[in-house]
Each structure stands twice: as structure tokens, then as C-alpha cells.
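Chemist: Would you be able to build a 3D model of this:
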Amino acid sequence: MKKLSLAAFMVVNAFCATVTLYQDTNTGAIYTKPGPNRVVLGEFVSKDELKKETLKEIKKELPYKHTLQTHFRVIKKNSPEFLLGKETGPNMLVRPFDNPDMYMKFGVRVMGTFENYKEENKATGVTEEDFWDAYLRRVRFEVTAGFGKHTSFTMDIRNDKANYRDSGEKEFNVGDAYLKIKKPFGTSLANFKLYRGKIDVSRTETVKSAYVIHYDRPHVADEAAQYISHNRRATNIQMYGNWKHKIAYQIAMGDGVYSGKLKDARGKKFSSSTANGFHQDEFFYGGKIVLSPFDGWEEKKRTETYFAQGKHFSIGAAYWKSPDINFVDGNGKAVKLDHTLINYELSAHYKGAFVQAEYFKFDGVVSDWNNAQVGKSNGWYVTGEYVIPSLYYIAPFARYEKWDKLEDANGYDMTSKIAGINWYLRGNSTKVGIAYQEDDYDVNVGDKKVKRVKFTTQWFF
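Modeler: Model prediction:
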């Protein structure tokens, strides 16, 4: 036993029970009480008592550390270990200490593309365009404010295709901007969104763009995104929920289409035609149901990137209607029509393998804004990816798409083929890829063949 320093003594005295020891100057014996020939050695603490007090201090620190992890979080739970670490978020979560039911989430995303674009005139065989282009496919600033256990508001400010061709820097605008009321009745069967939340016109269009296999979604799905409601998220109110993830649904109604995004069967915009007087007098309405019929294969999140984790199988169907659309065509004829969309989906994944397919049926398609005849259209696509964890999460993928843009008429077909490789360096937080895309347009929809080689990058925090 040795004498403690003054500093050590002060610490020990603060936290532990101490004892004064005395030593006989003649025999060297140690005593706990004063007596003849005894000198004070000092105050000491037992080893067991010291250990006990040290453990108490450690236990005091643990809740504090847990509290910090609860109030500040960025790493995604259950993420695999990628080459650059575990996937983040999405977004950084911050909770106030005085009310942990409230929170803020902040996130940023940049998706960049370097590509070679070639366009061939099929009638002449001449390559009319051949150039390299670099642009920001998507830029996002995302924020969510949680007001309590049941209510939150999510929005993002975005800029798409800045520096694409000769489009300049483009402008920022509002994307998602919705109030979410989660489980107000204590059940997952009933949840609500108000304002600018996506309606499920297509699985790939509903999946967050950071989670899709390829940055450019299928052409026919992009058409569906504008066919019922502007960017499938014009101001609306929706109710959605699920029963044990076996049955999921969404029903919604709200603001309809935007003329600036509508195209006729030839692919020409309303705004670039001689048609005029566009207005819509009724709200869109409709809904979707998704089934996961097999036990253990339930779909719990809408995504296309699973990183060889788990399994799911789901099928779904949707019906949407955007009625009472009015305009005057280029010949001065008043036209009134309804847009109707039917969508079927199938998706599944097992470990590294993923497959997804959708079918679309459009009614109310305008053949030509300048001389409007109303018809129907249909299209489909199938896509898949295989993630290889042993090769640092490299994932080859492919997609095939076919779209008949005007049924019962010749020369309105479009096909698209894509093949490529994604490399998930940190899940969807950091990924790079390369893809080759070839689009073939029939005589009445462009009469051209477009070939694109794309180098893609994504940074998402």
C-alpha cells in the first residue's frame, strides 16, 4: 500500500469512503487507530471500493452517450459495410433534448452525368447529332420537420438537368412539400398526406430517385408521371396504409395535369403547338393496391436497391382518372376529354437478384394537338439488377421497354434498351455507374435512333 498524491486523494475523497492508517515506528505494524509510537501514513481507499466507484461513474456516462446517439444520427441502421463504409441516412437526424418527440432531418444530394449522345435519322441513315455533354441530373436540398409522434412536414428544393445541352443553370423549384400525419388512430391502416406528395401512378416513379437502378426512368413511366397530375405530385390529399405489410393501399384526389408537360402521341408538347385555351375543371382521383402474398416476402419499403439483403415479392394495380380536360386544337375545334391510367406492377428480389416490371394503359391520348383525334396507348418495361457483395457491391443491370404511343395506328412504336453496371461504394450515399442506352423511334414519333453512353455519379447525405 502506498501513499496517494494530493490530487488523487481529492478525487477519491469525493467519490469513495476513505480510512486513515497509522504505522508503529518500532515494529512497522499498520493500525487504523492512533496510539503510542504510531505515525499517520495518510488516508487510503480499498481496491474493491475504488472499482465500485469507478463502475458507478462509467454507468453514469452510458445514458449520456446513448442520449447523444438518439439525438444525433446519420448512419443507416442495418446497412451493409461497403467499400467506403456504411450507408447514411437518408439525411442527418437531430432531436432537441427538451422534446425528443420532435426532430429535424437535413440532407443534400447531387447526381451528375457525363454522356456521349448520338442521334441518327433512320430515313437517311445520317448521324445528325454527335456530342459530349456534362450536366447535373439532379440536385436536392431536403428537410423534414417532425412536430411530434404523429405529424411531420417534408420538402425539398431541387434543380434538374443544370447545364444539360444549352439549358444553362436552370432554376430551383419546390419538389415534395407535404404534411404527413402518421398513425393518428394508432394503426398503420390509416395515414394521411396533404399538399405535394407523390401519387402512385407507377412503382419506379414512386421510388425515390436516389434509390432507382438507373437515373433516367423508363419513357412510358415518365409519361404516366404527367398524365394524371403534374409531376405526380400536384397539390393533393391522400390516405394510405398497410395491413401487416401484406396489403398496402393509397387513395388520393387533387390538382390535375399541367399543359406545359403534356405531349401528344407524336411526342410534341402542347406549349409548342398551335392549340390553346387549355383548362381542367375537375380534380383527379384514384388509387392503388399492392399485395405481398407470401409469408416472409413482404415489401416494407419502395426501393429498387436492396444490396443483396433479404427478399420480397409484390404485385399491384392502380386506377387513376384526371377528368374534364379542355382545349382548342390547331384547327379551332373545341376538345373535351378525360385522362385515364391503369397500371400493373410486379417486383421481387432474393438476396442479390432483383426484377421489376410494369404495364401501363392510357386512355384519352391526343394524336396531334393541331388536329386532335383521341385514342389509346399502352406500354411496358422490365428491369433487373444483380448485386455482387464479394466484388465490393458491383451490380450489373439491364432494362427493356416497349411503348405503342397510339393504338390502332401504324408508326407510333418506341423501344428502349439499357445495359450497365452500378458500383455501390457506400450504398446509395455514394455510387458510380456506366450505362449504354439505345432508343428506337418509329416513323411518326421521330423516325430516329438515339444512342447514349452515360457515366453517372451520386452523392447523397
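
Chemist: so where do the strands sit in the stretch 301-450 of the chain?
Modeler: Taking DSSP state E, counting those that start in this stretch as the test, the strands found in the stretch 301-450 of the chain are 311-328, 334-350, 353-366, 374-386, 394-404, 413-424, 430-441, 448-460.

Chemist: Ok, which of these comes nearest residue 275?
Modeler: Smallest distance to residue 275 across the strands of the stretch 301-450 of the chain (Cβ to Cβ): 5.4 Å, for strand 311-328. No exception for glycine: its C-beta is placed from N, CA and C like everyone else's.

Chemist: per-residue confidence averaged over that closest one?
Modeler: Per-residue pLDDT over strand 311-328 has a mean of 98.

Chemist: I figured residue 255 hits residue 281, correct?
Modeler: No - using Cβ atoms under 8 Å, residue 255 makes no contact with residue 281, being 11.8 Å away.

Chemist: per-residue confidence at the closest residue in space to residue 366 that isn't next to it in sequence?
Modeler: Excluding the flanking residues, the one nearest residue 366 by Cβ to Cβ, 6 or more residues apart in numbering is residue 264, at 4.6 Å. pLDDT, residue 264: 94.

Chemist: For residue 264, give its distance to residue 85.
Modeler: To residue 85, residue 264 is 48 Å away according to Cβ to Cβ, to the nearest Å.

Chemist: need the contact list for the most centrally placed residue in the chain.
Modeler: Geometric centre of the chain, nearest residue: residue 208, 3.0 Å, by Cα atoms, centre = their mean. For residue 208, the contact set (Cβ atoms under 8 Å, 6 or more residues apart in numbering) comprises 90, 302-303.

Chemist: how about 10 Å then?
Modeler: Contacts of residue 208 were listed using Cβ atoms under 10 Å, 6 or more residues apart in numbering, and they are 90, 109, 140, 142, 176, 198, 301-305, 428, 460.

Chemist: Same check on residue 449?
Modeler: 118-122, 125, 127, 438-441.

Chemist: again, but for residue 169
Modeler: By Cβ under 10 Å, 6+ apart, the contact list for residue 169 reads 136, 159, 162-163.

Chemist: can we see that at 7 Å?
Modeler: Counting by Cβ atoms under 7 Å, 6 or more residues apart in numbering, residue 169 touches 162-163.

Chemist: Based on its surroundings, how many neighbours for the nearest residue to residue 245 once chain neighbours are set aside?
Modeler: Leaving aside its sequence neighbours, residue 245 sits nearest to residue 298 (Cβ to Cβ, 6+ apart; 3.8 Å). Residues near residue 298, counting by other Cβ atoms under 10 Å, number 20.

Chemist: again, but for the one 10 residues further on
Modeler: Other residues within reach of residue 308, judged by other Cβ under 10 Å, total 19.

Chemist: what about the closest residue to it other than its chain neighbours, how many neighbours?
Modeler: Spatially, and ignoring its direct neighbours in sequence, residue 308 is nearest to residue 352 (4.0 Å; Cβ to Cβ, 6+ apart). Neighbourhood size, residue 352 [other Cβ under 10 Å]: 17.

Chemist: Per-residue pLDDT of residue 352, please?
Modeler: Per-residue pLDDT puts residue 352 at 96.

Chemist: do residue 96 as well
Modeler: For residue 96, pLDDT reads 84.

Chemist: And the residue nearest to residue 366, its phi and psi?
Modeler: The phi/psi pair for residue 264 (degrees, to the nearest 10) reads phi -90, psi -180.

Chemist: what's the answer for residue 406, then?
Modeler: Backbone torsions of residue 406, given as degrees, to the nearest 10, read phi -150, psi 110.

Chemist: can I assume it is in contact with residue 375?
Modeler: Yes - if you go by Cβ atoms under 7 Å, residue 406 and residue 375 touch, sitting 5.4 Å apart.

Chemist: what residues do these two have in common as contacts?
Modeler: In contact with both residue 406 and residue 375: 365, 367, using Cβ under 7 Å, 6+ apart.

Chemist: more crowded one of these two?
Modeler: Between residue 406 and residue 375, counted using other Cβ under 10 Å, the more crowded position is residue 406 (25 against 17).

Chemist: residues contacting that one?
Modeler: 265, 365, 367, 375, 377, 412.

Chemist: Dump the residues you listed into TSV; add distance to residue 131 as well.
Modeler: Listed next are the contacts of residue 406 as TSV, based on distance: Cβ to Cβ, whole Å:
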residue	distance to residue 131
265	28
365	32
367	32
375	35
377	31
412	28
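
Chemist: between these, which is closest to residue 433?
Modeler: Distances from residue 433 to the contacts of residue 406, taken as Cβ to Cβ, are shortest for residue 377 (30.4 Å).

Chemist: Leaving out the residues flanking it, which one is nearest to that closest one?
Modeler: In space, residue 377 is closest to residue 362, 4.2 Å off (Cβ to Cβ, 6+ apart).

Chemist: So what pairs up with the one you found in the strands?
Modeler: Beta-bridge pairing of residue 362 under DSSP bridges involves residue 341, residue 377.

Chemist: In this structure it contacts residue 376, no?
Modeler: Yes - using Cβ under 7 Å, residue 362 is in contact with residue 376, at 6.3 Å.

Chemist: More neighbours: these two, which one.
Modeler: Ranked by neighbour count (other Cβ under 10 Å), residue 362 and residue 376 place residue 362 first, with 26 against 15.

Chemist: what sits against that one?
Modeler: Counted by Cβ under 7 Å, 6+ apart, residue 362 has contacts 227, 341, 376-378.

Chemist: Report the buried residues of stretch 225-240.
Modeler: Of the residues in stretch 225-240, 225-230, 232-234, 236-240 count as buried by neighbour count, 16 or more other Cβ atoms under 10 Å.

Chemist: just these now: which is nearest residue 249?
Modeler: Checking these against residue 249 with Cβ to Cβ, the nearest one is residue 240 at 6.3 Å.

Chemist: Assign a three-state SS to that closest one, would you?
Modeler: The three-state label given to residue 240 by DSSP: H, G, I helix; E, B strand; the rest coil is strand.

Chemist: any idea of the pLDDT on it?
Modeler: pLDDT recorded at residue 240 is 98.

Chemist: Residue 287 is in contact with that one, correct?
Modeler: No - assessed by Cβ under 7 Å, residue 240 is found out of contact with residue 287, at 8.9 Å.

Chemist: Touching both of the two, which residues are there?
Modeler: Common neighbours of residue 240 and residue 287, counting by Cβ under 7 Å, 6+ apart, are 249-250.

Chemist: And the contacts of residue 449, which of them are buried?
Modeler: By neighbour count, with 16+ other Cβ under 10 Å, the contacts of residue 449 hold 119-120, 439-441 as buried.

Chemist: And those, which is closest to residue 387?
Modeler: residue 439 (26.2 Å).
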